[in-house]
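1. sequence plus the predicted model coming up.
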Amino acid sequence: MSLGQERIDVVDPIRPVAPGAPSSEGAPVAPELAELLKLSGRGDEAAFARLYDATSARVFGLAVRVVRDPAQAEEVCQEAFLEIWKTASRYDAAKGSALAWLFTIVHRKAVDRVRSAEASTRRDTSYHHKNQPTEHDTTAEAVQASFEARRVRGALQTLTDVQRQALELAYFGGYTHTEVASMLDLPVGTAKTRIRDGLIRLRDAMGVGA
């Protein structure tokens, strides 16, 4: 069955849930989440509904952590779950946990929403800035910041999937090592190791000295 209005009804509306709120009772454990993703990829709507019920609170928590606005976070969650439904068949358990795969999609959607909002703000203020004298130092700083951002994005692509997931949650999502470990279904020590190794590899890719 194709994803039409009937499918949207499963995830819409997404009810606001406080970040960190527990999932519904009897929520699936990590191996079951992977199985629910596999079934969802085959068009099993009941499995997708269970996946949504089990993860929506934590998904919302990540979204609101990034966009800082509950209303915007709800929209991000809906967009993320629609993409999850459409792409569930692409999930590969060998590359990471089901929860980490979900969080990667949600984080990307949330970052896209933030960038879109920032772009809109820049458009709204462009006329004012265009008609103001620009200090040379300010321009140089902006160019340097843009250059560094491109370097970081490029360097992130050199990391393994698990390293990038851990770093994005820790440094872009603002989560603690313990929270990252919980989200990725890992021991805290393993999460810390992935973050540390990711930082070392990121530093090397950017040519930054120790």
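-> Cool, the structure landed. Numbers count the residues shown, from 1 in each chain.
2. how does the protein divide into domains?
-> 1-116, 137-210 (automatic domain parsing).
3. out of those, deepest packed?
-> domain 1-116 (a mean of 17; mean count of other CB atoms under 10 Å). C-beta: built from backbone N, CA, C; applies to glycine.
4. avg pLDDT for that domain?
-> Here domain 1-116 scores 78 as its mean pLDDT.
5. can we start the residue count at 24 from this point?
-> Yep, numbering from 24; the last one is domain 24-139 now.
6. quick one: the helices in the protein, in order.
-> Assigned by DSSP state H, the chain shows helices spanning 28-34, 53-64, 68-90, 93-110, 121-153, 159-179, 184-190, 200-206, 211-229.
7. what's the last one in contact with?
-> Meaning helix 211-229. 174-175, 177-179, 181-183, 185-187, 189-190, 193, 200-201, 203-204, 207, 209, 233 (CB atoms under 8 Å, 6 or more residues apart in numbering).
8. next up, the contacts around residue 177.
-> Contacts of residue 177 (CB under 8 Å, 6+ apart): residue 228.
9. could you measure from it over to residue 119?
-> Distance of residue 177 to residue 119, computed by CB to CB, to the nearest Å: 22 Å.
10. which residue packs closest to residue 184, ignoring adjacent ones?
-> residue 118 (5.1 Å; CB to CB, 6 or more residues apart in numbering).
11. ok, the one you found - contacts?
-> For residue 118, the contacting residues are 124, 184, 185, by CB under 8 Å, 6+ apart.
12. surely residue 125 is in contact with residue 106?
-> No. Counting by CB atoms under 8 Å, residue 125 stays clear of residue 106, with 10.0 Å between them.
13. for stretch 178-194, give the mean pLDDT please.
-> Averaged over stretch 178-194, pLDDT sits at 77.
14. run a quick neighbour tally on residue 142.
-> Residue crowding around residue 142 was assessed by other CB atoms under 10 Å; the count is 10.
15. next, the contact list for the residue lying closest to residue 99 once chain neighbours are set aside, please.
-> Excluding its sequence neighbours, the residue lying closest to residue 99 (CB to CB, 6+ apart) is residue 86, at 4.3 Å. Contacts for residue 86 (CB under 8 Å, 6+ apart) come out as 95, 96, 97, 99, 100, 103, 129, 132, 133.
16. how close does the closest residue to the first one other than its chain neighbours get to residue 89?
-> It stands for residue 95. Among residues not flanking residue 95 along the chain, residue 136 sits closest, at 6.0 Å (CB to CB, 6+ apart). Residue 136 is 8 Å from residue 89, where distance means CB to CB.
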